[in-house]
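Student: Mind folding the following:
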Amino acid sequence: MSRSLRHPFGSKKVFAPGGDPKPAKRKVRQPRMRPSRFSVGAMLDAPDTSQARPLLRLRIAGIVVVGLFALLGLRLWTLQVLQAPAAAQAVAANQIRVVQLNPTRGLILDRNGNPLVNNVVTEQITLSRVAAQQYPQVVGDLAALVGETPAQIQQAINDPRYSLYKPVPILSNAPLSDVLYIKEHQSEFPGVASVATTQRNYPQQELPGPAAGGYPAAQALGYVGTINATELASLASQGYQAGDPFGQSGLEYQYESQLRGSPGSQQLEVDPQGQVVGTLKTTPAVPGDNVVTNIDTNLQQVADNALATQVQNLRKVYDPQCNHGAGCYPGASSGAVVVMSPQTGAVYAMSSYPSYNPSVWVGGISNAEYAALSAPANSQPLLNRAIEGLYTPGSTFKLNTATAALNLGLWSPTQLFHDTGTYTAPGCQYQSTTCTLHNAPGDGALGYIDMSTALTASDDDFFYNLGAQFYDARATYGQTPIQDQAAQYSLGELTGIDLPGEAQGRVDSQAERLKLHAISPTGFPTTTWFTGDSMEMAFGQGATVITPIEQAVAYATFANGGTRYAPQVAAAVVSPTGKVVKRFTPQVTGHVTLSPTNYQVMLSGFEGVISNRLGTAYGIPGLTSFPGGLAGKTGTADTDPGKEPTAWFVAWGPTADPQYVVVCVINQAGYGATAAAPVVSQIFSYLATHPVTPVSLPPNQANVQATAPIPLPGAAPAATTPAAAPPSTPPTTSAAAGTTG
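Tutor: Below you'll find the model as predicted:
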């Protein structure tokens, strides 16, 4: 049998043939190690141990590339489509300049359509800024031609009021010889051109005489100048630009938005140097509307002439009683006239002396001319004294005191007062001559008089008494009964006239004195209010000052029975073709209560001023002959010591149906009857034969387009040369400070 190498009993050990098995060596036991699950190959992802994925990488790279191209395409689309208009506009802005074209300014017409202010076409010489920089010699050549200095030309070029892309105006209303010379020698004047433009024109005339140097209603019309920085800052949103014309005063300012029109525009193409090389598009300007006023030009000329002539005559009459008997010629430094409708508030005429001609503003005013118009030594002709002048009212204020006394029951219509020619202030503590007041110089004792007679004769003692009684009855009638009544008549209040710059008057009271003292303690040291102060205020003296327009509104309110209207200079706005754009209707601003009995008592007194022998304006030519009769009131108010008093006269009529109220005031002129009343009489003499006609709406286009002035009115009667003022008695107290009727 064969032998196996294995153990016969199944051992797995193998023995070498022919020998005994060697004894087995015992294996040294090692520490047991657990197999690690960490695979370096897996971490390294070696090519021989992980599968490659090239398609995934290509997809990712493709997505990235496609995304970048998408972003690039989106950006290109944004630039070429969405932002293309803005980019084109930005490019165009570098080569296109838009220049504003000024519209033709609207006209100012009188109530009959006659132009008080219109426009004329003139030639204007201009100079390009770019040309002036490129050819400096043109500045001197142009200066020599137009009669200016090179510095003046350079100043105009540097003026920031003018657009950088519009030629600078050098000479307005250029002579034809200069215009032709420039056109014939254009090569010698690079950048210089003559262009047709419009400018303000004043076609009417004044009557021969002292008023001839002025212009009808000059201050009411106003003037046009270049818009200033303050105006531009507030009006830039309305399309105004530097260098634009702008109304500076009067109706030109008040109705600027209507007169201005709508500016046009011109698109200019410029080269990289900023020089204009062509015009791309022009949008024409729309002319402004015309303003039709309530002014009657012929009546205005009569009022201007009457006032100016009377002032000149007053200055020639020596008054030996002036300045406490030392004698003087009246200063007659200034004055005003207002003619108004009591039924509507329409202003028919408005004069201010001294006056001027607004044509001085056309083309620019010189410093010397402006200084002359603004100088106090020349009485400041630019001021519209009809609405800006403040004057002590004197006896014209008695309208308010009489109304308050009758309305409140302090005095009855039939109640009598014993006028002895003097009045002693009740409760006077000193019992001296300072407590005794006198009637106006020349007025003696009138005996027993009622309210009507007191108004007719302008009796001061009567109104001293009312002022004292109101003071004593403060517990019953309040602290300011007369002042409150005056406010209802408009005194001390703005009237609301459609003109800029209206001054507000002041009616004396303790409250007003406290205000004045706070402003100027040295100028207004007195803040007390006693019986004498109330007496003084009751007949229009003291610290009371009013404007002529306030006076006109007050008496117009009484004349029509108690309805107060705002004065209105403008009647309507019409288009250049004559279409009525807007009518201005009467504006009621208040009421005064006047019972029929009280009204008749006062009206009778005012009628007596003119028609009664006791009247302070009795016998003055032109007043007693007016159809339908007139009523009126004189006023004489002392102001500065040693100077003539301020003269007032107010009249209205016809008395049964008042159509006109006329107010005249002349400063430092003398007595109201001799200084102011003759002016009013001339105006009513004219109105008697030339009544004011209704406003022509729409206006007659033949009148509107007329270039020649309307015929002057018939020569008004010569102004009455006043006689020397009657002797004046020095006042014994401040309460009797020289007022008369």
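
Student: For the stretch 501-650 of the chain, which segments are assigned as helices?
Tutor: In the stretch 501-650 of the chain, the helices defined using DSSP state H, counting those that start in this stretch lie at 510-519, 531-538, 548-559, 596-611.

Student: of all those, which lies closest to Leu299?
Tutor: Closest to Leu299 of the helices of the stretch 501-650 of the chain is helix 548-559 (C-beta to C-beta; 14.7 Å). C-beta: built from backbone N, CA, C; applies to glycine.

Student: CA atoms only for the closest one, dumped as PDB, please.
Tutor: C-alpha atoms of helix 548-559 as PDB (Å, rounded to 0.1, in the frame of the first residue of the first chain):
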ATOM      1  CA  PRO A 548     -55.200 159.000  -0.300                       C
ATOM      2  CA  ILE A 549     -56.600 155.600  -1.500                       C
ATOM      3  CA  GLU A 550     -57.900 154.900   2.000                       C
ATOM      4  CA  GLN A 551     -59.500 158.300   2.000                       C
ATOM      5  CA  ALA A 552     -61.100 157.700  -1.400                       C
ATOM      6  CA  VAL A 553     -62.500 154.300  -0.200                       C
ATOM      7  CA  ALA A 554     -63.800 155.800   3.000                       C
ATOM      8  CA  TYR A 555     -65.800 158.600   1.300                       C
ATOM      9  CA  ALA A 556     -66.900 156.300  -1.500                       C
ATOM     10  CA  THR A 557     -68.300 154.000   1.200                       C
ATOM     11  CA  PHE A 558     -70.300 156.800   2.700                       C
ATOM     12  CA  ALA A 559     -71.400 158.200  -0.700                       C
END
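
Student: Any chance of the helices of the stretch 501-650 of the chain in JSON lines with distance to Thr693 and mean pLDDT as columns?
Tutor: Below are the helices of the stretch 501-650 of the chain laid out as JSON lines (distance: least, C-beta to C-beta, whole Å; pLDDT from 0 to 100):
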{"stretch": "helix 510-519", "distance to Thr693": "43", "mean pLDDT": "93"}
{"stretch": "helix 531-538", "distance to Thr693": "41", "mean pLDDT": "92"}
{"stretch": "helix 548-559", "distance to Thr693": "20", "mean pLDDT": "98"}
{"stretch": "helix 596-611", "distance to Thr693": "26", "mean pLDDT": "98"}
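
Student: Let me have the ones you listed in CSV, adding mean neighbour count and distance to Val292 as columns.
Tutor: Listed next are those as CSV, based on neighbours: other C-beta atoms under 10 Å; distance: least, C-beta to C-beta, whole Å:
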stretch, mean neighbour count, distance to Val292
helix 510-519, 15, 40
helix 531-538, 26, 41
helix 548-559, 28, 21
helix 596-611, 20, 33
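
Student: Which one of these lies nearest to Tyr215?
Tutor: helix 548-559 (19.3 Å).

Student: Quick check: buried residues in stretch 126-146?
Tutor: Neighbour-count burial for stretch 126-146 flags 126-132, 135, 138-139, 141-143, 145-146 (criterion: 16 or more other C-beta atoms under 10 Å).

Student: Tell me which entries of those lie within helices.
Tutor: The helices, defined by DSSP state H, take in Arg129, Val130, Ala131, Ala132, Val138, Val139, Asp141, Leu142, Ala143, Leu145, Val146 from those.

Student: from those residues, which is closest to Met340?
Tutor: Here the nearest of these to Met340, counting by C-beta to C-beta, is Val146; it sits at 46.3 Å.

Student: pLDDT below threshold where in the stretch 301-450 of the chain?
Tutor: Scanning the stretch 301-450 of the chain for pLDDT under 70 picks out the ranges 324, 428-434, 438-443.

Student: which stretches of it form helices?
Tutor: Secondary structure of the stretch 301-450 of the chain (DSSP H, counting those that start in this stretch): helices at 367-374, 385-388, 398-408.

Student: Reformat those helices into JSON lines and put mean neighbour count next to each item.
Tutor: Output for the helices of the stretch 301-450 of the chain, formatted as JSON lines (neighbours: other C-beta atoms under 10 Å):
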{"stretch": "helix 367-374", "mean neighbour count": "12"}
{"stretch": "helix 385-388", "mean neighbour count": "26"}
{"stretch": "helix 398-408", "mean neighbour count": "25"}
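
Student: list the contacts for the nearest residue to Ala543 once chain neighbours are set aside?
Tutor: Nearest non-adjacent residue to Ala543, counting by C-beta to C-beta, 6 or more residues apart in numbering: Asp508, 4.2 Å away. Contact analysis of Asp508 by C-beta atoms under 8 Å, 6 or more residues apart in numbering lists Gln483, Asp533, Glu536, Met537, Gly542, Ala543, Thr544.

Student: just those residues now: which is nearest Val569?
Tutor: Nearest to Val569, judged by C-beta to C-beta, of the contacts of Asp508 is Thr544 at 26.2 Å.

Student: Distance to Asp159 for the helices of the stretch 301-450 of the chain - can I get that in a markdown table?
Tutor: Output for the helices of the stretch 301-450 of the chain, formatted as a markdown table (distance: least, C-beta to C-beta, whole Å):
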| stretch | distance to Asp159 |
| --- | --- |
| helix 367-374 | 15 |
| helix 385-388 | 31 |
| helix 398-408 | 52 |
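
Student: Great, nothing more from me.
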